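Enquirer: need a 3D model of the following:
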Amino acid sequence: MTRETPVRLTQFAHGGGCACKLPPGELEDVLRGLDGSTTTAGDSTLLVGPATGDDAAVVTLPDAGGAPDRVVVSTADFFTPVVDDPYDWGRIAAANALSDVYAMGGRPLLAVNLLAWPRDVLPLDLAREVLRGGLDVADEAGCHVGGGHSVDDPEPKYGMAVTGLADPARLLRNDAGRPGMPLSLTKPLGLGVLNNRHKATGERFGQAVATMVALNRDASAAALRAGATCATDVTGFGFLGHLHKLARASGVTAVVDTAAVPYLDGAREAVRDGYVSGGTRRNLDWVAPFTDFGHADEDTRLLLADAQTSGGLLVAGEVPGAPVVGELVPLRERSVVLT
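Expert: As a prediction, this is how the structure comes out:
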C-alpha cells in the first residue's frame, strides 16, 4: 500500500500511548503469585524483579562473582500511536522505552524494535518513518539498535526492548525511599490530556512533543550525582499511581505540595474541556483508596492521575533544576497525602 493522502495515525488506535496500559489494579491481580523467577532458592542473581513493580529488571552477570561492578538492566515498552506524525511517534516511543533504564540509574546499551503494523491498511513508508524516529533517539542516547521483531496487526504499535548496564552500588530503586527525603519531578504533567486533545481534534502541541522526546538521561545522571538511591519514571499509571507504588514499596507515605507540581501549558484547559482518557480515570479510581486528597479539586486530581507518555523521573532527592514537589514521611494510614 502506498501513501496518497495524509494519515492521522491516532485514528487507527482505540487509545493512545501509555494510556493503553492495562489498569494497574487489574494488572496486579493478573501478576499476583507470578514472581517471574526460575532460579533456585537462595540464588541472588535477580537483584530487582517483579515484587516491587519497579521500572526494569536487574540481574548480575552469571560469571560476575560476589561483587560485580556492572549489572544488566532489562525492559520493554511499546504502545499505540500517541501523535499523528509517524516520526514523532517513533521518537516518543523510543524515549519512553529508554526511560525505564534511566529510571534505574542505568545506561542503555542495546535496543531491538517491536513493531505491529496493519500492512493492508497503512502504508509501509509510514512504518519506516516510525522506525527512523526510534533510531534517531536511540542514536542520541548512544544506544545500538540491533534489529527487532514485526507482526501484521490490526492496530499499529511500536516500542523497544532495551538492555542496559548499571553500577549495582548506584541503582535507583522504587523501594529505597526513606522518611525525610524530598521528592523532585523532572518533567511537567499534562501529557495525557494534551495527547487526548490531539487525538480528538488534530491540534498539535509542540510543547508536549518536545517533553516526550526528551531523554531522561540527564535527569538520571543528575540524580545519581546528588546521591539519590530511589526513583521511578512517571508514565501510564500517572503521577499518583507511580508515587503510590514507590511509597508502598518503600514503606513510607508521600506528602505532595499540589501547588508545587508543574504542568504543561494548556493542560488545565484540556481537562476543563473534557479531554480526559479512560486510562486516567481508571488511574484515579485505583489510587483513591490509598490517597488523602485534602482540598484538591477534581481537575487537579485528574491531572495528578493523568496517564503520561514518556514522562519525567520522580526522584526521592533534590535534583538540580527540578522542582521539589513533596517529601517522604513515616508511614501513615494512606500512602499519598495531598496538601
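Enquirer: check which element follows the strand or helix carrying residue 146 along the chain.
Expert: Under the assignment given by DSSP states H and E, the secondary-structure element containing residue 146 is strand 144-152. Using DSSP H and E, the helix or strand that directly follows strand 144-152 along the chain is strand 157-166.
Enquirer: before we move on, back to that, which parts of the strand holding residue 146 are buried?
Expert: Of the residues in strand 144-152, 145, 148 count as buried by neighbour count, 16 or more other Cβ atoms under 10 Å. In this view, the C-beta of every residue, glycine as well, is placed from N, C-alpha and C.
Enquirer: what inclination does the host helix or strand of residue 99 have with respect to strand 157-166?
Expert: Assigned by DSSP H and E, residue 99 belongs to helix 86-103. Angle, helix 86-103 to strand 157-166, by axes from the mean of the first three to the mean of the last three Cα atoms, to 10 degrees: 30 degrees.
Enquirer: averaged pLDDT, helix 86-103. What do you get?
Expert: When pLDDT is averaged along helix 86-103, the result is 98.
Enquirer: how many residues are close by residue 327?
Expert: Under the neighbour criterion other Cβ atoms under 10 Å, residue 327 is assigned a count of 17.
Enquirer: oops, could you answer that again for residue 121 instead?
Expert: Close neighbours of residue 121, defined as other Cβ under 10 Å, add up to 12.
Enquirer: can you tell me the SS state at it?
Expert: Judged by DSSP: H, G, I helix; E, B strand; the rest coil, the three-state class of residue 121 is coil.
Enquirer: hey, where'd the strands end up in the stretch 1-150 of the chain?
Expert: In the stretch 1-150 of the chain, strands defined by DSSP state E, counting those that start in this stretch lie at 46-48, 57-60, 71-79, 107-117, 144-152, listed in chain order.
Enquirer: which of these sits closest to residue 334?
Expert: Residue 334 lies closest, by Cβ to Cβ, to one member of the strands of the stretch 1-150 of the chain: strand 46-48, at 25.7 Å.
Enquirer: how's the protein carved up into domains?
Expert: Per the record, the chain has its domains at 9-169, 173-338, by automatic domain parsing.
Enquirer: could you tell me the end-to-end distance of the first one?
Expert: One end of domain 9-169 to the other measures 43 Å (Cα to Cα, to the nearest Å).
Enquirer: where does pLDDT dip in the stretch 51-200 of the chain?
Expert: Low-confidence segments of the stretch 51-200 of the chain, defined by pLDDT under 70, span residues 63-67.
Enquirer: could you rerun that using 90?
Expert: Across the stretch 51-200 of the chain, the stretches falling below the confidence threshold (pLDDT under 90) are 51-56, 60-69.
Enquirer: returning to what we had before: out of the domains of the chain, which one sits most buried?
Expert: A comparison of these by mean neighbour count, using mean count of other Cβ atoms under 10 Å, puts domain 173-338 on top with a mean of 21.
Enquirer: quick check: residue 95 vs residue 236, distance?
Expert: According to Cβ to Cβ, to the nearest Å, residue 95 and residue 236 sit 14 Å apart.
Enquirer: which residues in the stretch 201-339 of the chain form strands?
Expert: Ranges of strands in the stretch 201-339 of the chain, per DSSP E, counting those that start in this stretch, are 231-233, 252-256, 291-292, 313-316, 324-330, 336-338.
Enquirer: can you lay out those strands as CSV showing mean pLDDT and distance to residue 268?
Expert: Putting the strands of the stretch 201-339 of the chain into CSV (pLDDT from 0 to 100; distance: least, Cβ to Cβ, whole Å) gives the following:
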stretch, mean pLDDT, distance to residue 268
strand 231-233, 97, 23
strand 252-256, 98, 17
strand 291-292, 98, 20
strand 313-316, 98, 20
strand 324-330, 98, 17
strand 336-338, 98, 16
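Enquirer: tell me which of these lies nearest to residue 200.
Expert: Using Cβ to Cβ as the measure, strand 231-233 is the one of the strands of the stretch 201-339 of the chain that comes nearest residue 200, at 26.0 Å.
Enquirer: appreciated, that's everything.
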